[in-house]
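Engineer: the sequence and its predicted three-dimensional model are supplied below.
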Amino acid sequence: PPAASLDERLGMLVKRAPVMLFMKGSPGAERCGFSRKTVELLRGEGVAFDTFDILEDEEVRQGLKKFSNWPTYPQLYAKGSLIGGLDILKELQEAGELKDELGV
């Protein structure tokens with residue numbers, strides 16, 4: 001069968017887990033402060049999540065920016081929909097709405 005197009009691949013990746021974090025590095029080996037803070041925030045809230053290291057796949061790294069219309073990382077998805085980056089997660093956390101927004 002033909003290889004999945006990038007958009008198809010991204011569509012599957014964002015739904016790989018109920019909460020999916022696209023970050024630089026991996027939990028415990030983050031390669032940027034924003035990714036580390038996002039992991040800490042999610043863990044602090046007791047949110048289960050899967051991750052994808054965008055530094056390991058340049059096609060995904062560039063493609064996801066267009067796919068999501070969001071230019072920066074990390075990017076957090078819940079049930080296949082973009083929630084946003086660290087600033088939005090902090091706002092949701094401060095408002096006590098993070099888990100509701102993530103559906104967890």
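Structural biologist: Looks like it came in fine.
Engineer: separation between residue 6 and residue 28?
Structural biologist: 29 Å (C-beta to C-beta, to the nearest Å). Backbone N, C-alpha and C define where each C-beta goes, glycine included.
Engineer: typo on my end, it should be residue 48
Structural biologist: Residue 48 is 16 Å from residue 28, where distance means C-beta to C-beta.
Engineer: neighbour count: those two, which is higher?
Structural biologist: Using other C-beta atoms under 10 Å as the criterion, residue 48 and residue 28 rank with residue 48 on top: 11 against 7.
Engineer: checking that one next. Helix, strand or coil?
Structural biologist: Following DSSP: H, G, I helix; E, B strand; the rest coil, we place residue 48 in the coil state.
Engineer: and for the closest residue to it other than its chain neighbours, the neighbour number?
Structural biologist: Of all residues not flanking residue 48 in the chain, residue 19 sits nearest, at 6.6 Å (C-beta to C-beta, 6 or more residues apart in numbering). By other C-beta under 10 Å, the residues close to residue 19 number 18.
Engineer: what pLDDT does residue 19 get?
Structural biologist: According to the prediction, residue 19 has pLDDT 98.
Engineer: is it true that it touches residue 51?
Structural biologist: No - if you go by C-beta atoms under 8 Å, residue 19 and residue 51 don't touch, sitting 9.8 Å apart.
Engineer: how about the contacts made by residue 26?
Structural biologist: Residue 26 is in contact with 51, 53, counting by C-beta atoms under 8 Å, 6 or more residues apart in numbering.
Engineer: tell me the spacing between residue 51 and residue 94.
Structural biologist: 23 Å.
Engineer: who has more neighbours out of these two?
Structural biologist: The neighbour comparison of residue 51 against residue 94 (other C-beta under 10 Å) goes to residue 51, with 22 against 9.
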